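*Asks:* compute the structure for the input listed below.
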Amino acid sequence: MRAWALCGAVLLVLGCGRSGEQSPAAGESGAGPESAAPRAPGQVDDARLRGAENDGSEWLATGRTWGEQRYSPLDQIDARNVSRMHEVWTFETGLTRGHEATPLVHDGVLFFTGSWSVVFAVDARTGKQLWKWDPQVEKIVGQKACCDVVNRGVALYKGRVYVGVLDGRLVALDEKTGTPVWSTLTVDPSLPYTITGAPRVFADKVVIGNGGAELGVRGYVSAYDADSGKLIWRFYTVPGDPAQPFESPALEKAAKTWNGEWWKLGGGGTVWDSMAYDPELHLLYVGTGNGSPWVREKRSPGGGDNLYLSSIVALNPDDGSLVWYYQTTPGDNWDFTATQHIVLADLKLGGRVRPVLMQAPKNGFFYVLDRKTGELISAEKYADVTWASHVDRSTGRPVENPGQDYRDGLAFVSPTPFGAHNWQPMSYSPRTGLVYIPVHEMVGAYRNEQDWKGVPGQWNTATDFNVSALTSKDAAKGALVAWDPVNQKEVWRHPYGLPWNGGTLATAGNLVFQGTADGRFVAYRASDGVQLWESHTGTGVIAAPVTYVLDGKQYVSVVAGWGGAFGLSAGAIANDSAGDGRGRLLTYALGSLEPPPPQVVLDRITAPGEVYDGERLYHKYCAQCHGATAVAMIGMPDLRKLTPETRSALGDIVLRGALRVNGMPAFGAVLNDGDVAKIRTYLEHRAEEAPAR
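*Replies:* Predicted coordinates:
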């Protein structure tokens, strides 16, 4: 009994009234001086971003550094003590649909996006909202988004927060207030363009791409002046109408690899996600997307590689000119984009250290390229691949297997349009020398759509989605794969029952963190894949986590919220996940395993006020069935979710046994209407403070 009482007292202390231990009400503003986190001096600029290589205290860019390794040198949380990690606060976004953002952390504030490009600034110490900016995207714009109304995050630079909005705007917000500073439209709004990717920023430029190739657009990436929003340069990834002047010699060269009238549906090649920047080589690396339509015979009758589809292009960041390119899937026929995460590292290869670029694109091959020249160093299968036998080292081209181009009928192909790896970021640990890849293991069905004709603004893949809809659950799994990029081999894997699991974070504590489609947040030992810890998130996690230090203590945060392309379109397979479907930001830290000081407990359980009176009555009469701090066991009624009708009838239920038939006893002998009013006040407070998952 004493042990239960101590546990109850600890839970009571942590339950409510202490900012930072539970979530605030969705949409609650804490922008007043009393709730704002203390701000350390120093804006995010090029020096801070370059210095992030050696300083892990904050998370200033989407990949933490310009090289996008998503590796943190922090090791306060490590493989020996991670089992003590616990959730310290949760922030509810009040949004549903996919949440894909990597939070940024600066001066004690977390900056991230939810669905519909809504931007949040949250106090990293307490989980209280500092400000929120809603771009008010017209919901009809969602029809242009192939893969859900998602957003992968923001960029920070010189006192501003930059976000790409679903409807094609690029917006600069004031970092402290969320007030818009400037906004520029980066697309033709009459065409089916969208923005879902996170901007990249360096050298006073903000770089952003766009999506929409499934519906028929021409891809490009643009650089804007960070201060004014003025366009500096634009690089088109595919050539336009050859009857018009080409924008660059690179596009004139690319046009020779196309046939037919590809430009009428744009050609595709959208830059909808991955970029990386090397300040030493002064090169910007960009991944390009699929063709429009997918079927190469329809897109480019007579063949051709169709440059620069499904390619990695290295650009001069001063003017956007092409320096080199490498095409991962020439003449792509399967939606095998190369927009997946690009990671820069220095690897010892052949007895010498070489600056390399690594990518695990959709097509199932892991590529290691020389990032100075684009030379192929190696490419091996990191997942099941049936469409090609291997990549020819002498030519850099994949060798396609017969029958996998589905020109003669139905073909079962691996990977699928979801890819062996999609947008969910991988990470690289210099400590272990391994890359940690969220792998999707699915078999896809491809077939040409009969009598297809392109229709502007509609889905224009030229493939028959009736056959892909018949994919069974048995043909869809997932895994976290640890890959050795030097020896090009798998070192370990952790299998999952579902695909579409979250991005990864590697740390110097010999840890890899990943959220899962089935609603867990998990820590593995990075060296051998042993699972060391997990926590339930209440909804599927597809975003990547971050870690940082505040007041000398290491924290780990992750955005949860089920959705994205797979969640939106995979039917019964995806429906096995999702949880409650509500977006949230969760933050974790090490627990001390020490009970709170006795005086803290005594102060709490004797605190004056109706909320605390109700809390005491609740824990005396209600907690045995409905849970400490009003958090109920799964399967029991959660009193934080009372309907207005039940709330008004609480007196009849509690005092007079209106629900006796359901097993709810009457407490009229020990409680009165005033007591019930206090309990109701406490439950309403808990519903605002920590909404039930």
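*Asks:* pLDDT below threshold where in this structure?
*Replies:* 1-41, 470-471, 578 (pLDDT under 70).
*Asks:* show me the helices in it, by range?
*Replies:* 2-15, 46-51, 249-255, 296-299, 465-468, 564-569, 572-575, 598-605, 610-621, 623-626, 644-648, 650-656, 673-689 (DSSP state H).
*Asks:* quick check: closest non-adjacent residue to residue 340.
*Replies:* Closest residue in space to residue 340, ignoring its immediate chain neighbours: residue 361 at 4.7 Å, by Cβ to Cβ, 6 or more residues apart in numbering. Every residue, glycine included, has its C-beta placed from N, CA and C.
*Asks:* actually residue 386, not the one I typed
*Replies:* residue 414 (4.6 Å).
*Asks:* tell me how far that neighbour lies from residue 682.
*Replies:* 54 Å (Cβ to Cβ, to the nearest Å).
*Asks:* pick out whichever of those two has more residues nearby.
*Replies:* Taking other Cβ atoms under 10 Å, residue 414 and residue 682 do not tie; residue 682 has more neighbours (26 against 19).
*Asks:* got a list of what the nearest residue to residue 446 once chain neighbours are set aside touches?
*Replies:* Spatially, and ignoring its direct neighbours in sequence, residue 446 is nearest to residue 406 (4.2 Å; Cβ to Cβ, 6+ apart). Shown in contact with residue 406 (Cβ atoms under 8 Å, 6 or more residues apart in numbering): 333, 413, 446, 447, 448.
*Asks:* I'd like to know which of those residues are buried.
*Replies:* 333, 413, 446, 448 (16 or more other Cβ atoms under 10 Å).
*Asks:* right, and the third one touches residue 467 too?
*Replies:* Meaning residue 446. Yes. Residue 446 sits in contact with residue 467 when judged by Cβ atoms under 8 Å, with a separation of 7.2 Å.
*Asks:* what's the overlap in contacts for the two?
*Replies:* In contact with both residue 446 and residue 467: residue 410, using Cβ under 8 Å, 6+ apart.
*Asks:* any idea what sits nearest residue 161, other than its immediate chain neighbours?
*Replies:* Nearest non-adjacent residue to residue 161 (Cβ to Cβ, 6+ apart): residue 173, at 4.4 Å.
*Asks:* and that neighbour, how far from residue 360?
*Replies:* Computed as Cβ to Cβ, the residue 173 to residue 360 distance reads 33 Å.
*Asks:* of these two, who's got more company?
*Replies:* Taking neighbours as other Cβ under 10 Å, residue 173 and residue 360 compare with residue 360 leading, 27 against 24.
*Asks:* ok, the more buried one - contacts?
*Replies:* For residue 360, the contacting residues are 340, 341, 366, 367, 382, 420, 421, 426, 435, 437, 483, by Cβ under 8 Å, 6+ apart.
*Asks:* count of neighbours near the closest residue in space to the last one that isn't next to it in sequence?
*Replies:* Of all residues not flanking residue 483 in the chain, residue 435 sits nearest, at 4.6 Å (Cβ to Cβ, 6+ apart). Burial of residue 435, expressed as a neighbour count using other Cβ under 10 Å, amounts to 27.
*Asks:* partner residues bridging residue 435?
*Replies:* Applying DSSP bridges to residue 435 gives these bridge partners: residue 428, residue 483.
*Asks:* quick check: the gap between it and residue 415.
*Replies:* From residue 435 to residue 415 the distance is 17 Å (Cβ to Cβ).
*Asks:* ok, now residue 213?
*Replies:* 18 Å.
*Asks:* and residue 163, by the same measure?
*Replies:* Noted for residue 163: a distance of 31 Å to residue 415, by Cβ to Cβ.
*Asks:* please apply the same query to residue 88.
*Replies:* Distance from residue 88 to residue 415, counting by Cβ to Cβ: 38 Å.
*Asks:* those two: which has the busier surroundings?
*Replies:* residue 415 (27 against 22).
*Asks:* grab the nearest non-local neighbour of the more buried one.
*Replies:* Nearest one to residue 415, counting by Cβ to Cβ, 6+ apart, is residue 364 at 5.0 Å.
*Asks:* again with residue 545
*Replies:* Using Cβ to Cβ, 6+ apart, the closest residue to residue 545 is residue 558 (3.9 Å).
*Asks:* about what we covered before: ok, the contacts of residue 406 vs residue 377, which is closest?
*Replies:* residue 333 (25.8 Å; Cβ to Cβ).
*Asks:* touching, that closest one and residue 298? I think so.
*Replies:* No. When contacts are counted by Cβ under 8 Å, residue 333 is not listed as touching residue 298 (10.0 Å).
*Asks:* ok, back up a step: surely the residue nearest to residue 415 and residue 380 touch.
*Replies:* No. Using Cβ under 8 Å as the test, residue 364 is too far from residue 380 to be in contact (9.7 Å).
*Asks:* what is the burial count for residue 570?
*Replies:* By other Cβ under 10 Å, the residues close to residue 570 number 24.
*Asks:* swap in residue 593?
*Replies:* The burial count for residue 593: 6, using other Cβ under 10 Å.
*Asks:* residue 425 versus residue 284, what's the distance?
*Replies:* 18 Å.
*Asks:* neighbour count winner among the two?
*Replies:* Shown here are residue 284 and residue 425; by other Cβ under 10 Å, residue 425 has more neighbours (29 against 26).
*Asks:* is the more buried one in contact with residue 101, as I believe?
*Replies:* No. Between residue 425 and residue 101 no contact is recorded; they are 11.2 Å apart, counting by Cβ under 8 Å.
*Asks:* and the residue nearest to residue 483, what does it touch?
*Replies:* Residue 435 neighbours (Cβ under 8 Å, 6+ apart): 343, 358, 360, 366, 426, 427, 428, 482, 483, 484, 485.
*Asks:* could you list everything the fourth one pairs with in the sheet?
*Replies:* According to DSSP bridges, the residues that bridge with residue 366 are residue 380.
*Asks:* from what I can see it touches residue 487, true?
*Replies:* No. Using Cβ under 8 Å, residue 366 is not in contact with residue 487; the gap is 11.1 Å.
*Asks:* for these two, indicate the residue with more neighbours.
*Replies:* Taking other Cβ under 10 Å, residue 366 and residue 487 do not tie; residue 366 has more neighbours (27 against 11).
*Asks:* in contact with that one, which residues?
*Replies:* Taking Cβ under 8 Å, 6+ apart, one finds 358, 359, 360, 379, 380, 381, 382, 435, 437, 483, 485, 488 in contact with residue 366.
*Asks:* which one of the helices of the chain lies closest to residue 591?
*Replies:* That would be, of these and by Cβ to Cβ, helix 2-15, which comes in at 10.6 Å.
*Asks:* what about residue 390, neighbour count?
*Replies:* By other Cβ under 10 Å, neighbour count at residue 390 equals 13.
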